[in-house]
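[1] The sequence and its predicted three-dimensional model are supplied below.
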Amino acid sequence: MAKLKRRKSKLFPSSFKKSKGRIYKGFPDSVVNAGIAILSLLLLAFIFSFSSRQTRGGVPIEVHFPVSSNNKILAADIYNSSPILDIDVEILNGCGEPGLATKFSNFLRNEKIDVVRSDNADHFDYNRTILIQRNENVKAVKLVADALGFDINNSSRVKIESDSNLDVDLTLIIGKDYNSINSFTQYLNQ
């Protein structure tokens with residue numbers, strides 16, 4: 001069998017082959033060391049530039065607050081000495097009329113009653129608007145019933161269903177007869 005002769009590579013001449021002590025034959029050690037030194041200096045310059053940008057304080061900003069006058073406005077002045085009552089009411093739309101719970105919320109807030117939530121009821125088949133007392137706050141029921149024009153002794157309009165899990169004093173469920181509430185219709189016509 002004939003022995004094959006190895007061809008010389010044109011890409012890597014024999015002078016570039018690895019040897020023990022040097023990276024490649026043909027490159028003096030001083031050239032390699034100079035390249036490493038230049039790359040090290042570039043790396044140090046990059047680190048210095050990055051760190052100086054990160055620690056830069058930026059432009060100082062001066063803040064000037066306006067000098068307050070002696071004309072202080074109190075919350076009691078805003079509410080004309082009649083603050084919002086400590087009554088928490090939730091309003092539930094039980095007739096399906098869009099935006100009705102919001103209109104009732106605005107009406108009761110105009111009467112200085114705190115409406116904490118307005119949402120849809122469990123269904124839209126309520127025929128009558130009812131006010132449900134959720135805790136022992138009888139004064140709250142009287143005030144809201146007066147604002148709506150309800151008789152507190154009318155059990156078809158005002159009900160007592162205590163529920164300690166709810167965070168409200170009263171629940172108002174708006175029924176299909178909401179147009180019969182005179183104080184509300186007068187509020188809408190203003």
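    Done, it's in. For clarity, every value in this text was computed on a predicted model and none was experimentally measured.
[2] residues of the longest helix belonging to the chain that come out buried?
    Criterion DSSP state H: the longest helix present in the chain is helix 29-54. By 16 or more other C-beta atoms under 10 Å, helix 29-54 has no buried positions at all. All C-beta atoms are positioned from the backbone trio N, CA, C, and that covers glycine.
[3] do stretch 113-126 as well
    For stretch 113-126, using 16+ other C-beta under 10 Å, the buried residues are 113, 115, 118, 121, 126.
[4] Contacts for that stretch, please.
    By C-beta atoms under 8 Å, 6 or more residues apart in numbering, the residues outside stretch 113-126 that reach it are 84-96, 101-102, 104-105, 108-109, 143-144, 147, 167-168, 173-176.
[5] Of those residues, keep whichever come out buried.
    By 16+ other C-beta under 10 Å, the contacts of stretch 113-126 give 85, 87-95, 101, 104-105, 108, 143-144, 147, 168, 173-176 as buried.
[6] Assign the closest residue to Asp167 other than its chain neighbours to one of the three secondary structure states.
    Closest residue to Asp167 apart from its sequence neighbours, by C-beta to C-beta, 6 or more residues apart in numbering: Asp88 at 6.9 Å. Using DSSP: H, G, I helix; E, B strand; the rest coil, the structure places Asp88 in strand.
[7] Test for you: state the pLDDT assigned to Asp88.
    In this model, Asp88 is scored at 89, pLDDT.
[8] Which of the contacts of stretch 113-126 fall in helices?
    Short answer: the contacts of stretch 113-126 in helices (DSSP H) are 101-102, 104-105, 108-109, 143-144, 147.
[9] Closest one to Lys159 out of these, please.
    The closest of the ones in helices among the contacts of stretch 113-126 to Lys159 turns out to be Val144 (C-beta to C-beta; 12.8 Å).
[10] Just list whatever residues bridge to the closest residue to that closest one other than its chain neighbours.
    Leaving aside its sequence neighbours, Val144 sits nearest to Leu170 (C-beta to C-beta, 6+ apart; 5.7 Å). Beta-bridge pairing for Leu170 (DSSP bridges): Val89, Gln133.
[11] Next, count neighbours for Leu170.
    Leu170 has 25 neighbouring residues, counting by other C-beta atoms under 10 Å.
[12] Does it touch Lys139 like I think?
    No - assessed by C-beta atoms under 8 Å, Leu170 is found out of contact with Lys139, at 11.0 Å.
[13] Many thanks, I have nothing further to ask.
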